[in-house]
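Engineer: I need the structure of the sequence given here:
(4 chains)
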2 protein chains.
Amino acid sequence: MTVKTECVFIKKARKQDVREKQTRVQRMCADSSGSASWQQANMPRLKSGGVPTLADVARASGVGIATVSRVVNGGVNVSPETLKKVQRAVRRLGYLPNHAARILKGGRTKTIGLLIPSIADSFFSSCAGTAGEVAQAHDSLLLFAESNNDPALELSNLAVLMQHRPDGLLLVPSSASNRALRLFVQQSPVPIVTLDRPFPGCAAVLTNSFEAAREATLHLVGHGRKRILCLAAEPSLYTIRERLRGYSDAMLAAGLPSLIDTSLAIGAHNAETLIQGHLGSRTPPDAIFTLKNSATTAAYQALQRLKLNIPREIALIGFDDFELAGMLRPALTVVQQPIEDVGRRAAELLFAQLGSDDGSTPPASLRRTRLVLPNRLLLRSSCGCRHSARGPEE
Amino acid sequence: MTVKTECVFIKKARKQDVREKQTRVQRMCADSSGSASWQQANMPRLKSGGVPTLADVARASGVGIATVSRVVNGGVNVSPETLKKVQRAVRRLGYLPNHAARILKGGRTKTIGLLIPSIADSFFSSCAGTAGEVAQAHDSLLLFAESNNDPALELSNLAVLMQHRPDGLLLVPSSASNRALRLFVQQSPVPIVTLDRPFPGCAAVLTNSFEAAREATLHLVGHGRKRILCLAAEPSLYTIRERLRGYSDAMLAAGLPSLIDTSLAIGAHNAETLIQGHLGSRTPPDAIFTLKNSATTAAYQALQRLKLNIPREIALIGFDDFELAGMLRPALTVVQQPIEDVGRRAAELLFAQLGSDDGSTPPASLRRTRLVLPNRLLLRSSCGCRHSARGPEE
DNA sequence: GCCGCCGTTGGAAACGTTTCCAGCAAACGG
DNA sequence: CCGTTTGCTGGAAACGTTTCCAACGGCGGC
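Structural biologist: Predicted coordinates:
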C-alpha cells in the first residue's frame, strides 16, 4: 500500500517537473510581470501550470466548468451576473480556448488546407490571398503546404496536412495521373476543390486555357504572322497542355504549321540561345507565343538583347499578365488570367460543399462542379496592335 | 435500473445518429468503394464510425492501443512480427494520427503562426515561401493570417491564430505603438520573431533601411542632383520611417533641402497629378526617390506619360526590386531587399528559440536577437549611370 | 532452482473541451 | 399547497492520443 502511494507521489512529482519545464520554455518571452497575480493565490497549484484552461477560469470565477464553456460559446442560458463574472475572469486570465481540445470533440476544425506548388509564385500567392479572404469570412484559417509540382512531395505534405484534420482541401494537383493521389482523393473524408488544374473526382475551378490560347494565336495570325513559335515549359502540366492544344488548333485552322519548342527551361540564358537558334534557321519565326510567365519575360529579355524590333520584326504574346507588362517598351500583349477569382471561387465552392454550420445538407451536385473562368486577351503593342500611342494603358 | 439502462440506450442511439451524420457529410467525396472492406467485419460497430483511430487499428490487428501507438511513433520496443502486423493494419485502414489529440497531450503542435499584412504582396509572399521551407525542414506547417496593416484586424486574427496553439509566431507588426499587441507579446507563451519591422520585446529580422536609403540618396547627389523629391506612402510604417530618415540624413549631409511628399496614395493617377504638380513648381525636382514598390511603378508610369526623359531630365531610384525592373527602358535603379533571406532567417531564428525536439535549452539571448540584413543598391540606368549599354543586365 | 533482469505488452490516466443529463430553486397554474 | 414548468448550474462522459506503470514470460547468473 505504501509502495503504491509512493509511486503515485513520484508520478505526480514527475508530472510537475515536466510542467515546470514546459512552462519555463513557454515563458521565455514573458519573463516576470504579466497579469499572473492570480497564480500565487490560495488554490493548490494542481492545474494552472502554463496556459489557462477552462478549469482555471471556472476556479477563478467560482463557477462550474460547464458554465464557463457556455459563456465562452456565446453565453446562452447563463444569468447576466454569472456571465459578467466569468467574462471578467476570462479577460483577467487571458484565457483562449484550446482549439485542439475543441476539435477533438468532433466539430469543425475551422481550418482549410491549401496545397500549392509554391507560395512564392505570384499566381498561387494571389490565389492564396483571395482564398484566405473567403476563409476569414467563414472564420477559418488557411493551413499551407507546398508541393513544388513534385508528386512525392505532394503526397507526403498532403499526409502532414491531413493530420491536422482540415475541414476541406484546396489543391493544385501536380499531375492528374498520380495514382496515389487519385486513391487519396477517392477516400478523402473531406471535400476537395482543385485550382487551375482538374483532377478526377474533384470539383475544380479552372480557366479556359484552350480558348484563350486559340484566341491569342488567331490574333497573331490576324496580324499577318505566318511562322508563330510557341515556347512552352513543362508540358506535363494541364494548363500548358491546354494552351498548346489551343495554339495547335488555331494554327491548324489557319492552315499554318505548328512550331512548338518545349525545351525551354527556366532561365534567361537558355532562352536567348534558344531563340537565337530559331532565328538563325532558314525560316525564322515572325512571332512568338509564350505559354508561361517566366517564358514570356525570358523571351522578352532575349529579344531585347538581340536588338530585335518588337513587333516589327517579331511579335510577342505571353500568357499571364504581370504588373509592369504595360510599362515595357513595347508594352506586352498578354493573356490575363482571372487569378484572384480562381482562389476566391474555389474557396467559395469549398465552403459551399461544407454547408452552413447548422447541419444543413449541401447539394451533392457541388462535388463535381467544374467552374471555368474566362481569360482575357489584353491587347497592348507587342502583338502589332497600336496601343502604345498614349503610353502605358491604365 | 431499467430507466437508467434506457437512458443509456437513448444516449447511445443519439451518439450513433450524430456519428452517422458526420460520416455522411465527410464521405460526400468518398461515395462507395474505398478500402473499407474491414468495416463490415465481425466487430461490434462501437467505434470505427468515420476516420480510423488508434483503437480501430488495435482491434484490426489484435493488439493493444499502446502497442499501436508505439508502432506509429517509430516502433521502439516492439517485436518484429507485431510491428509488421500493426503496420499492415495501419496501411489497410489508411490510419492517420489525429493531430489534435496529439497536441492535446501537451507536445509541440508542429505549427508556426505567420501573421503578415497581405499574402498577395510579393514581398511577404516571398518571405512566406522561404519561411515555409524552413518550417518544412522542421516538419512543421505554416498557419496563415493576414492583418492588412490594421491593428484591430491584426489583434483579432492573432487571437484566432493563438487558439491553434502554434509553437511560435512570425509576425509583421502593423505598428510598434499598438498597446494591446505589446501586452500580448509580453504575455505570449510562445516565442515571437518579427519580420521587416521591430517590436519591443521580440527578436527581429530587419533590413538596413536607413543606410540603404542614405546610400541611394547620396548616389543621386553624386550624379549632381540637387532637388531630390522623396515620395513616400504610409509613413506610419517602420521601414518607411527609416528610409525617410536615411534620405533626410543624406540630404542634410549634402547641404541640400529635403523635399518630402507623403501624400502619395496608391494608384497611378494620383501619382501623375502629384508629380505634375511638383514639376510645375518654381524649382522642379531633378530626381525622385520612391520609398515603396507601388510608389516606384506609379512614379515611373507618371514620368513616362509626361514624356519626361529618364534620367536626363529627371532621375529615379526606387525601393524594392521587381522582376522586370531591369527590362524597362530605361532600366530602373533600385534598392534590392534581401526578401527571401528575411523569411528564412526569421524562421530559423524562431526554430532556434524553440530548441531541438529533445528538451535542450535554447540560449536565452535569442529572445532579443536583432538581425539586420543588408540591402543592395542595384545600379541600372534610371539614376544616371550608364548601365543600359548592353541592355538589361542579367 | 530461485532471483532478478530484460523485452514486450496492455491497462488506464491525463490532456481541455463540449454536451448530455440531472439537480435545484423559483415561478406559476391549478 | 402541490405539481409542473422554466432557467440556471454543475458533474461526468467522451473525443484520440501519449505515457507511466504493472504484468508476464523467458533467460542467465548465483
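Engineer: lowest average confidence, helix or strand, in chain A?
Structural biologist: helix A:2-26 (a mean of 32; mean pLDDT, DSSP states H and E).
Engineer: beyond it, next helix or strand please.
Structural biologist: Using DSSP states H and E, the helix or strand that follows helix A:2-26 in sequence is helix A:54-61.
Engineer: just checking, what packs against that next one?
Structural biologist: Applying 3 or more C-beta pairs under 8 Å, 6 or more residues apart in numbering or on different chains; DSSP states H and E, one finds that helix A:54-61 makes contact with helix A:65-72, helix A:80-93. C-beta: built from backbone N, CA, C; applies to glycine.
Engineer: buried residues in that helix?
Structural biologist: A:54, A:56, A:57, A:58, A:59, A:60, A:61 (16 or more other C-beta atoms under 10 Å in any protein chain shown).
Engineer: now do stretch A:223-238
Structural biologist: A:223, A:225, A:227, A:228, A:229, A:230, A:231, A:232, A:233, A:234, A:237, A:238.
Engineer: nearest to DNA strand C, of the residues you listed?
Structural biologist: The closest of the buried residues of stretch A:223-238 to DNA strand C turns out to be residue A:238 (C-beta to the nearest atom of the strand; 40.8 Å).
Engineer: that closest one - nearest residue in space that isn't next to it in sequence?
Structural biologist: For residue A:238, ignoring the flanking residues on the chain, the nearest one in space by C-beta to C-beta, 6 or more residues apart in numbering or on different chains is residue A:197 at 4.1 Å.
Engineer: read off the pLDDT value for that neighbour.
Structural biologist: Note for residue A:197: predicted pLDDT of 95.
Engineer: likewise the one 3 residues further on?
Structural biologist: pLDDT for residue A:200: 93.
Engineer: show me the contacts for it.
Structural biologist: By C-beta atoms under 8 Å, 6 or more residues apart in numbering or on different chains, residue A:200 lies in contact with A:176, A:182, A:185.
Engineer: now do residue A:318
Structural biologist: Residue A:318 makes contact with A:289-290, A:293, A:295-297, A:299-300, A:325, A:332-335, according to C-beta under 8 Å, 6+ apart.
Engineer: any idea which of those has the most stuff around it?
Structural biologist: residue A:289 (33 neighbours; other C-beta atoms under 10 Å in any protein chain shown).
Engineer: that residue: what secondary structure?
Structural biologist: Under DSSP: H, G, I helix; E, B strand; the rest coil, residue A:289 falls in the strand class.
Engineer: let me know the secondary structure of residue A:204.
Structural biologist: strand.
Engineer: can you read off the pLDDT for the residue nearest the centre of chain A?
Structural biologist: Centroid-nearest residue in chain A, with C-alpha atoms, centre = their mean: residue A:128, separated by 3.8 Å. Residue A:128 is assigned a predicted lDDT (pLDDT) of 94.
Engineer: all helices for the stretch 151-300 of chain A, in order.
Structural biologist: Counting by DSSP state H, counting those that start in this stretch, residue ranges of the helices within the stretch 151-300 of chain A are A:151-163, A:179-187, A:209-222, A:238-253, A:268-279, A:293-305.
Engineer: residue of the stretch 51-200 of chain A nearest DNA strand C, please.
Structural biologist: The stretch 51-200 of chain A approaches DNA strand C most closely through residue A:54 (2.9 Å), counting by C-beta to the nearest atom of the strand.
Engineer: next up, the contacts around that residue.
Structural biologist: The contact partners of residue A:54, taken as C-beta under 8 Å, 6+ apart, are A:65, A:68, A:69, A:72, A:95, A:97.
Engineer: pLDDT wise, what is it at?
Structural biologist: 91.
Engineer: so residue A:230 sits against residue A:295, correct?
Structural biologist: No - taking contacts as C-beta atoms under 8 Å, residue A:230 lies outside contact range of residue A:295: 9.8 Å.
Engineer: and for these two, which residues touch both?
Structural biologist: Common neighbours of residue A:230 and residue A:295, counting by C-beta under 8 Å, 6+ apart, are absent.
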